[in-house]
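1. Structure here, sequence nowhere to be found:
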DNA sequence: TTGTAGGCGTTATCAT
DNA sequence: ATGATAACGCCTACAA
């Protein structure tokens, strides 16, 4: 609307004086000029141009967020965590959907750099043997040279701090929960092939089974993170009896897909078989799914705080804690 | 990284020339200088400052999005629609959660104005008799004076174009679907009290019932847009038999809550009673819920396009079409 | 305590 | 075809 010069002119002071009072500078200002400036700024409806401010200060109050797909509740919860602390601190979130494509991550990262974002939070998981991973790391490095904070929400070799959930531990702990209910033959429906997060969760599952000397009855089958993948995997299981004692899916949505297939086939859950997931999304509550609650919101919130506080710590990895949430899709293994 | 002046200097040309070739201006440039500039820009990894560009052009390529809560899939689908067309056009989305608070909408709108957003898309519904509504309208007006496009995704008196779903028509049409299955005594679980969208959906339900001369057996009960509200409303219904023939909830999540209560009470859906919702979120597919598909993604996409194309049309209202999606929670009314 | 002036990185106008 | 220069709106030494 009205610019600083206009306010200054109207208040009969210089721009610097106006700037000083309006930015709350510690520079000494007489009480009366301060009052006058504030009053006229108020009257003129002055609001500083975030753009000009960012241009001169070489850093905006924008926080970039790279998610795979905001429609996926896993990411929307993270985004909410970010935005809550961001907006509380006067920052605003720039969101971008990258559909798990590293090339898109790179180009969006560049865009956010062009807006001199205070920081960029990379929420999606990486893939093993991703040929573009080094390029992303380079882009991250360049961003940092420009004073842009970068934080990854999955363990990814990007040369930036990592704030993440303990995927392996979470998978381990639900598996352990299943074992504690007396289940032995457990099937694990894997996440998307090649995805780091998928691998971590499978590793957690296998580690737990191995520790219980049950690696011979641990079974992994290809799956994915969506309903259909879970459904399909369960169908395959149903097609080749006997059923395992329990099924653990790599995430909640796939677990619900499996649950659905099982019940459609007339199989009683948890009477005949137990089912569990990972994430504890809202959906899990709706269907009474046993799962592990991951600190998604907290990851977002902490990452945003990290950016705002301009914290250092490039090689740092922060592991936030999870918690098994027993619900109605798991039960003690029936005798026999 | 390197600025335009650096590129110009390195290429041995003036900034204006460099600017002209790098912006793809139609201004005539000799082939060789053009090549030289492009080469050095490439070598120096030049990328224009979106900030400086926005400052001088008085408009950025940022699109503001105001949602109630991005975790709510209703909004995340809209956000996805926006971001898809935005990013395709080189724009980036600024997201803000306002938790249905008009005061927050106003302040966030101001923030986006301070970034000289190309436009702001207001996704959340308004409330009747909202004392702050005029203030929001004023803020929208000021934004427009600055050349910021504004688009509302619900019918709201903001002095800006409206691109929305036909909530009333959608509710009418599912109700009609229920009637076509032979149901007569239908209960409607309302949305959040006072919310415009709630009212529109209830109106659509009542209009359809009236038209069928069934207003005496149409029943509205207080509810909300979440699982718990739907659950509670259904519990109330169960507590006072006889059950209606069918239940229509103001949205999918509440419908799933109702479904859950019913089944927990041992009531067969759709054997004894039919249940339907509105929105057609992913969740509806998972549980086989009959619902109406609203053009959420399209609303977002079209609104973003509107902003990008800087279309006029202040008093315009665009109604996008919906479609009833019959699934497994509704069936023909059992005889007797 | 207040003011002057230079610069942040672009674009656009006006010369050359 | 190319170049100098004035904005855009703000911050921050440096002066006064």
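-> Sure thing, it's come through. Every value quoted in this text rests on a predicted model; they were computed, and no experiment measured them. Numbers count the residues shown, from 1 in each chain, chains lettered A, B, ... in the order given.
2. measure stretch A:21-37 end to end?
-> Taking Cα to Cα, to the nearest Å as the measure, stretch A:21-37 stretches 7 Å from start to finish.
3. Tell me which residues are up against that stretch.
-> For stretch A:21-37, contacts defined as Cβ atoms under 8 Å, 6 or more residues apart in numbering or on different chains pick out A:4, A:7-8, A:11-13, A:17-20, A:38, A:41, A:46, A:48. In short, each C-beta sits where N, CA and C put it, glycine included.
4. mind checking which helix or strand whichever residue of chain A sits closest to DNA strand C is in?
-> Closest contact between chain A and DNA strand C, by Cβ to the nearest atom of the strand, is at residue A:28 (2.2 Å). Under DSSP states H and E, no helix or strand contains residue A:28.
5. Give me the pLDDT value at it.
-> Reported pLDDT at residue A:28 in the predicted model: 90.
6. And it, how far from chain B?
-> Residue A:28 sits 27 Å away from chain B, taking Cβ to the nearest Cβ, to the nearest Å as the criterion.
7. Same check on residue A:314?
-> As for residue A:314, its distance to chain B is 20 Å (criterion: Cβ to the nearest Cβ).
8. Next up, phi/psi of residue A:317, please.
-> Phi and psi for residue A:317, reported as degrees, to the nearest 10, are phi -130, psi 120.
9. ok, now which ones touch it?
-> Contacts of residue A:317 by Cβ under 8 Å, 6+ apart are A:155, A:161, A:162, A:163, A:164.
10. Give me every residue in chain A lying close to DNA strand D.
-> Neighbours of DNA strand D within chain A, by Cβ under 7 Å from any atom of the strand: A:3-5, A:15-16, A:19-20, A:22-23, A:25, A:46, A:48-49, A:52-53, A:55-57.
11. Among those residues, name the buried ones.
-> The neighbour count (16 or more other Cβ atoms under 10 Å in any protein chain shown) marks A:3, A:4, A:19, A:20, A:22, A:46, A:49, A:52, A:53, A:55 as buried among the residues of chain A next to DNA strand D.
12. element containing residue A:202, please.
-> Residue A:202 belongs to helix A:196-211 when elements are defined using DSSP H and E.
13. Among the residues of chain A next to DNA strand D, which ones are in strands?
-> Among these, no residue falls in strands (DSSP state E).
14. near DNA strand C too, which of these?
-> A:15, A:16, A:20, A:52, A:55, A:56.
15. Quick one: those residues as JSON lines, columns for pLDDT too.
-> Putting those into JSON lines (pLDDT from 0 to 100) gives the following:
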{"residue": "A:15", "pLDDT": "95"}
{"residue": "A:16", "pLDDT": "94"}
{"residue": "A:20", "pLDDT": "95"}
{"residue": "A:52", "pLDDT": "97"}
{"residue": "A:55", "pLDDT": "96"}
{"residue": "A:56", "pLDDT": "96"}
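16. export those residues to CSV and tack on distance to residue B:239?
-> Formatted as CSV, these follow (distance: Cβ to Cβ, whole Å):
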residue, distance to residue B:239
A:15, 69
A:16, 70
A:20, 66
A:52, 62
A:55, 63
A:56, 65
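17. ok, the residues you listed vs residue A:175, which is closest?
-> Nearest to residue A:175 among these, counting by Cβ to Cβ, is residue A:55 at 52.7 Å.
18. surely that closest one meets residue B:49?
-> Yes - Residue A:55 is within contact range of residue B:49, at 7.2 Å (criterion: Cβ atoms under 8 Å).
19. before we move on, back to that, any idea of the mean pLDDT in the helix holding residue A:202?
-> Helix A:196-211 comes out with an average pLDDT of 98.
20. Return the set of buried residues in that helix.
-> Neighbour counts over helix A:196-211 (16+ other Cβ under 10 Å) mark A:196-202, A:204-209 as buried.
21. and which of those is nearest residue B:294?
-> Ranked by distance to residue B:294 (Cβ to Cβ), the buried residues of helix A:196-211 are led by residue A:197 at 31.9 Å.
22. Please determine how far that closest one is located from residue A:170.
-> Remark: distance between residue A:197 and residue A:170 (Cβ to Cβ, to the nearest Å) = 10 Å.
23. what does residue A:38 give?
-> For residue A:38, the distance to residue A:170 (Cβ to Cβ) stands at 52 Å.
24. Outline the domain layout of chain A.
-> A:4-57, A:62-165+A:296-320, A:167-294 (automatic domain parsing).
25. Start and end of the first one, how far apart?
-> Domain A:4-57 has an end-to-end distance of 16 Å (criterion: Cα to Cα).
26. any idea how far residue A:102 is from residue A:43?
-> According to Cβ to Cβ, residue A:102 and residue A:43 sit 51 Å apart.
27. ok, back up a step: could I get the buried ones among the residues of chain A next to DNA strand D as CSV with distance to residue B:229?
-> CSV is the format used below for these (distance: Cβ to Cβ, whole Å):
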residue, distance to residue B:229
A:3, 48
A:4, 49
A:19, 50
A:20, 51
A:22, 45
A:46, 43
A:49, 43
A:52, 46
A:53, 43
A:55, 47
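28. and of the residues you listed, the nearest to residue B:179?
-> Distances from residue B:179 to those, taken by Cβ to Cβ, are shortest for residue A:49, at 56.6 Å.
29. Tell me the buried residues in whichever helix or strand comes after the helix holding residue A:202?
-> Proceeding N to C from helix A:196-211, the next assigned helix or strand is strand A:218-221, under DSSP H and E. The neighbour-count check on strand A:218-221 (16+ other Cβ under 10 Å) flags A:218, A:220 as buried.
30. can you list contacts of the following helix or strand past strand A:218-221?
-> Moving toward the C-terminus from strand A:218-221, the next helix or strand (DSSP H and E) is helix A:227-239. With Cβ under 8 Å, 6+ apart as the contact definition, helix A:227-239 has outside contacts at A:187, A:189, A:221-224, A:243-244, A:247, A:249, A:253-262, A:265, A:267, B:282, B:285-286.
31. Can you say which of the residues you listed are buried?
-> Using 16+ other Cβ under 10 Å, the buried ones in the contacts of helix A:227-239 are A:187, A:189, A:223-224, A:243-244, A:247, A:249, A:253-262, A:267, B:282, B:285-286.
32. Of the buried ones among the residues of chain A next to DNA strand D, which belong to helices?
-> Residues of these located in helices (DSSP state H): A:4, A:19, A:20, A:22, A:52, A:53, A:55.
33. State the pair within these that is farthest apart.
-> For those, with distances taken as Cβ to Cβ, the pair at the greatest spread is A:20 and A:55 (18.9 Å).
34. And the average pLDDT for the strand or helix carrying residue A:291 is what?
-> According to DSSP H and E, residue A:291 maps onto strand A:291-293. Strand A:291-293 carries an average pLDDT of 98.
35. Distance check, residue A:258 against residue B:127.
-> Taken as Cβ to Cβ, the span from residue A:258 to residue B:127 is 41 Å.
36. Next, count neighbours for the closest residue to residue A:308 other than its chain neighbours.
-> Nearest non-adjacent residue to residue A:308, counting by Cβ to Cβ, 6 or more residues apart in numbering or on different chains: residue A:89, 5.0 Å away. Residue A:89 has 15 neighbours, counted by other Cβ atoms under 10 Å in any protein chain shown.
37. just residue A:32 next, same as before
-> Neighbour tally, residue A:32, other Cβ under 10 Å: 8.
38. in whatever helix or strand it lives in, what's buried?
-> Using DSSP H and E, the element containing residue A:32 is helix A:31-44. Using 16+ other Cβ under 10 Å as the burial criterion, the residues of helix A:31-44 that qualify are A:33, A:34, A:36, A:37, A:38, A:40, A:41.
39. likewise stretch A:128-137?
-> Neighbour counts over stretch A:128-137 (16+ other Cβ under 10 Å) mark A:132, A:133, A:136, A:137 as buried.
40. so what's the last one up against?
-> Right, the one you point to is residue A:137. So residue A:137 contacts A:157, A:158, A:159 (Cβ under 8 Å, 6+ apart).
41. Could you list the contact residues of the stretch 201-336 of chain A toward chain B?
-> Counting by Cβ under 8 Å from any Cβ of the partner chain, the positions of the stretch 201-336 of chain A adjacent to chain B are A:227, A:256, A:257, A:260, A:282, A:283, A:285, A:286, A:287.
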